[in-house]
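K.L.:
Mind looking at a prediction? Sequence and model below.
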Amino acid sequence: MITPAFELSQDPDFLTITIKVPYARVSELEVYFEGKLFRFYAKPYFLRLTLPGRVVEDGREKASYHDSGIFTIHLPKEIPGETFDGLDMLTALLAPKKSRSAKPLVEEMGAPDEENMEAEEEEEEEFDWEIEQTLQEESTEGPLCPSGAYGFGNQKSEVFRRLQDELNEVVDIKNPDITPVAERREKRLAAEAAKFDPDHYLADFFEDEAIHRLLKYKPWWVNTYKLMMNSQGSRSWSKCNQSALVSFTEDEKEQLRKFTNRTFLLDKRTSQQVYLSLADILLAYCYEVCVTEGEHNVESPWNIRKLSSTLCWLESFTNISEVLVSFGRRVLCYPLCRHFSLVMRALNDTVMILQLGKSAILKCLLDIHKIFRENDPAYILNDLYITDYCIWIQKAKSKKLVALAECVQKAELSKGKLGFELDELETAALLVQEEENELKAVDAGNTKQQLLPPSREAVSESEDSSSTSSYQTGDSDSDEQESSASEDGEINPLQRTLQGERTAPLTDDNGLRQDPGALTLEGSNEKSKASLRSTSVSGKLIEELEKQMQTAVRLTEQPKAPSSLRGDGQDRSSTSQEVEAGCAAQPRGLSFTGP
């Protein structure tokens, strides 16, 4: 038989069941309901539901059929105005699967009476989430409680021995089937301590523009939570309105109908571990939604399972503080964005989801189930945890979820509790940054002072100091400085002219190439020599000028050369006379002999 698609809705007087049977025969339709039991049969479809409230057959019931293959059945409520909870928990409405054995080893008894329900509620209120528990030292290994148990409620074992090839791509722990819980935790803490990178953490701590952008993203539960808080003040607010705030897509409803409804028998300690692991998984999911801004990618399965110690290390927690510290440490060790603000954001989002109730939690779990279902190695985690959580949460007690939300909200998580010395690391980094800023400020001030012209006061002070030093020196030094200052205006332009012309080739009267430094001086003026010695030019330049003057004098006193060497047919003496006549016509001093 095929289980058809169905939905439930209600009004104050009727419970409405909508069933989609496109290939059914209307002539073979059968409907039966009594109390909380509902049965529907239309070949080849069969549906059996356990209703959340009692209905009655009093003549007001009615049914209709649409050509598209949709049956709509209206059932009167036994108590008019009663509100039925959990109408969107489709898997929980399906009748549990019966055992095929003649005598089941464990049999679930009937629904508890009101007295037992009140006693159970009192037990829930006395549950302490912060209780410190110590692991049992004696060996608990046995057929009913193996040491390597894991999965939902630690009810699975020997799974990874059959899937050894895919083990390394799913969890970080090696040989989980033979590794006790205490050893798993020790190895996890050691791996996190080795993985923590201070440079990566400080880079995200100082360059946090991308982090602030991610923190501005608001997932769907933020607006839903605000709507719930605003509506709680009104008189018409009820649990029915709370479940109506969260809606499921058609794909999610289809997945809920595919789950097999079954009951989980959990003791008090195991039930606590299940709730704590639920918080751990939701924390990892909230971080993933925040950093991807709701757009899942190929890294989403890795992010969720890596940040959850439950999924990655098959961890079993004993109190809420262990959950928060474990999640905070893993956020600062593994993902791309490692910032403490993201840890606190995920914590606040988890509180919102828990306070929204079972519908919001189930919607998040279905999204995780879809992410893992579409990833090849991660589908194993659906078999170990997520599928059972999707079935179990539909029957979970709302008061326990509210108590868990309050416990997470009241829990204090600081950087010091994570064990990485984050406060000391940030303080040292801030001191280094302040020193660098001070050095940059000093360098910038020095550069600015060098670029600015000296002020008038500085110039006057320098002149006063120079005059004072001149006054304290001897008379001979004063006379020499005055002569140098008086002739500086004449010698310095001459020095620049000489330096510029030394690079040009020079020739004498015979057409021969001279050394570039060869100069011709007309006459040997003693006053010019004294002026050159008194200038501020270096000693090497003065010596070079003296050598060039002597060379120029020798050139003018050379003997007459034969006419055959001259090549112009003229007498050398006449040429010398012409040169001397030309020199006499020029003013006395230094002159160049050009080509």
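P.N.:
Thanks, I have the structure now. Remember, it's a predicted structure, so these values are computed and weren't measured experimentally. Numbering: from 1, shown residues only.
K.L.:
Only C-alpha atoms from now on, for both contacts and neighbour counts.
P.N.:
OK.
K.L.:
What helix or strand is Ser64 located in?
P.N.:
strand 62-66 (DSSP states H and E).
K.L.:
Please name every helix or strand in contact with that strand.
P.N.:
strand 70-76 (3 or more Cα pairs under 8 Å, 6 or more residues apart in numbering; DSSP states H and E).
K.L.:
Tell me which helix or strand comes right after the strand it packs on.
P.N.:
helix 90-93.
K.L.:
in the strand ranked longest in the chain, what's buried?
P.N.:
The longest strand of the chain (DSSP state E) is strand 30-42. With burial defined by 16 or more other Cα atoms under 10 Å, the residues of strand 30-42 counted as buried are Phe33, Leu37, Phe38, Phe40, Tyr41, Ala42.
K.L.:
which secondary structure elements does it contact?
P.N.:
When contacts are defined as 3+ Cα pairs under 8 Å, 6+ apart, strand 30-42 sits against strand 45-55.
K.L.:
elements contacting the strand it packs on?
P.N.:
Strand 45-55 packs on strand 30-42, helix 90-93, going by 3+ Cα pairs under 8 Å, 6+ apart.
K.L.:
contact partners of the last one?
P.N.:
Right, the one you point to is helix 90-93. 7, 49-52, 87, 253, 256-261, 391, 394-395 (Cα atoms under 8 Å, 6 or more residues apart in numbering).
K.L.:
Which pair of those spans the longest distance?
P.N.:
Pro52 and Lys258 (19.7 Å; Cα to Cα).
K.L.:
picking up where we left off before, now the longest strand of the chain: mean pLDDT?
P.N.:
Strand 30-42 shows an average pLDDT of 91 in the prediction.
K.L.:
what residues go with each domain of this structure?
P.N.:
5-84, 147-418, 422-449, 497-562+570-591 (automatic domain parsing).
K.L.:
Highest mean neighbour count out of the ones you listed?
P.N.:
Mean neighbour count (mean count of other Cα atoms under 10 Å) peaks for domain 147-418 among those, with a mean of 18.
K.L.:
can you tell me the average pLDDT over that one?
P.N.:
90.
K.L.:
which residues sit against the helix or strand hosting Cys390?
P.N.:
When elements are assigned from DSSP H and E, Cys390 belongs to helix 387-392. Applying Cα under 8 Å, 6+ apart, the external contacts of helix 387-392 come out as 91-92, 152, 259-264, 278, 362, 365-366, 369, 382.
K.L.:
dump the residue contacts of Phe264.
P.N.:
Contacts of Phe264 (Cα under 8 Å, 6+ apart): Trp392.
K.L.:
Most widely separated two among the buried residues of strand 30-42?
P.N.:
Leu37 and Ala42, at 17.2 Å, using Cα to Cα across the buried residues of strand 30-42.
K.L.:
Pick out whichever of the contacts of helix 387-392 sits closest to Glu288.
P.N.:
Leu365 (13.1 Å).
K.L.:
sec struct for that closest one, please.
P.N.:
Judged by DSSP: H, G, I helix; E, B strand; the rest coil, the three-state class of Leu365 is helix.
K.L.:
so it sits right up against Ile393, yeah?
P.N.:
No - under the criterion of Cα atoms under 8 Å, Leu365 makes no contact with Ile393, lying 9.3 Å away.
K.L.:
For Val323, give me its contacts.
P.N.:
Neighbouring residues of Val323 by Cα under 8 Å, 6+ apart: Leu276, Ser277, Ala279, Asp280, Phe317.
K.L.:
Quick check: it vs Ser271, distance?
P.N.:
Per Cα to Cα, to the nearest Å, Val323 is found 15 Å from Ser271.
K.L.:
repeat for Trp392
P.N.:
11 Å.
K.L.:
List the residues that contact the residue nearest to Asn348 when sequence neighbours are not counted.
P.N.:
Excluding the flanking residues, the one nearest Asn348 by Cα to Cα, 6 or more residues apart in numbering is Gln409, at 7.4 Å. Going by Cα under 8 Å, 6+ apart, Gln409 touches Leu347, Asn348, Val351.
K.L.:
Pop out the phi and psi values for the first one.
P.N.:
Note on Leu347: backbone dihedrals following degrees, to the nearest 10 are phi -60, psi -40.
K.L.:
and what of the last one?
P.N.:
Summarising the backbone geometry of Val351 under the convention degrees, to the nearest 10, its torsions are phi -60, psi -40.
K.L.:
who touches it in this structure?
P.N.:
Ala405, Glu406, Val408, Gln409.
K.L.:
one step back: would you list the buried residues of strand 30-42 in a markdown table and tack on distance to Ala444?
P.N.:
As requested, the buried residues of strand 30-42 are exported to a markdown table (distance: Cα to Cα, whole Å):
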| residue | distance to Ala444 |
| --- | --- |
| Phe33 | 87 |
| Leu37 | 84 |
| Phe38 | 83 |
| Phe40 | 85 |
| Tyr41 | 87 |
| Ala42 | 87 |
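K.L.:
Cross-reference the contacts of Val323 with the helices and report the matches.
P.N.:
Leu276, Ser277, Ala279, Asp280 (DSSP state H).
K.L.:
how much space between the residue lying closest to Leu365 once chain neighbours are set aside and Val170?
P.N.:
Excluding its sequence neighbours, the residue lying closest to Leu365 (Cα to Cα, 6+ apart) is Cys390, at 6.2 Å. According to Cα to Cα, Cys390 and Val170 sit 20 Å apart.
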